[in-house]
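A.B. asks: Sharing a sequence plus its predicted fold:
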Amino acid sequence: MNSVTEIKVNKKVGIYFDRLKETRGPKDLLQLIVPDPRADEEFNLEALEKGTAVEMEHTNDKEIAKKITKDHLTEDQDYYVKLAKLGL
């Protein structure tokens with residue numbers, strides 16, 4: 001049996017998958033996932049810079065990396081501290 005979290009994730013992925021055909025590239029898809037990022041000033045600047053550097057391992061686009069970073073920091077302000085402690 002699925003947990004509530006798994007159900008929510010599956011529902012979100014299904015919605016994103018359905019809308020994927022409407023996108024024209026990674027930035028359009030990212031807008032579906034992280035539609036309205038908070039302003040840079042609303043984040044710890046050091047965490048934002050470190051997180052963006054980490055996310056640049058997955059993309060060559062700094063804007064995309066920063067949006068992903070903001071998404072992670074919105075969920076957990078210590079996200080990148082925890083990654084570092086795990087050696088990831």
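C.D. replies: That came through, no problem. Numbering: from 1, shown residues only.
A.B. asks: the bottom helix or strand of the protein by mean pLDDT?
C.D. replies: Using mean pLDDT, DSSP states H and E, the weakest-scoring helix or strand in the chain turns out to be helix 4-20, at a mean of 46.
A.B. asks: contacts for the helix or strand containing Lys50?
C.D. replies: Per DSSP states H and E, Lys50 falls inside helix 45-55. Helix 45-55 is contacted from outside by 40, 62, 64-66, 68-70, 72-73, 77, 79-81, 83, using C-beta atoms under 8 Å, 6 or more residues apart in numbering. The way it works is simple: take the backbone N, C-alpha and C, and place the C-beta from them, glycine included.
A.B. asks: Could you point out the helix or strand that follows that helix?
C.D. replies: helix 62-75.
A.B. asks: Can you list the buried residues in the next helix or strand after that following helix?
C.D. replies: Later in the chain than helix 62-75, the nearest helix or strand by DSSP H and E is helix 79-85. For helix 79-85, a neighbour-count test (16 or more other C-beta atoms under 10 Å) marks 79-80 as buried.
A.B. asks: Does anything pack onto helix 79-85? Which helices or strands?
C.D. replies: helix 45-55, helix 62-75 (3 or more C-beta pairs under 8 Å, 6 or more residues apart in numbering; DSSP states H and E).
A.B. asks: which other residues reach that helix?
C.D. replies: 47, 50-51, 54, 69, 72-73, 76.
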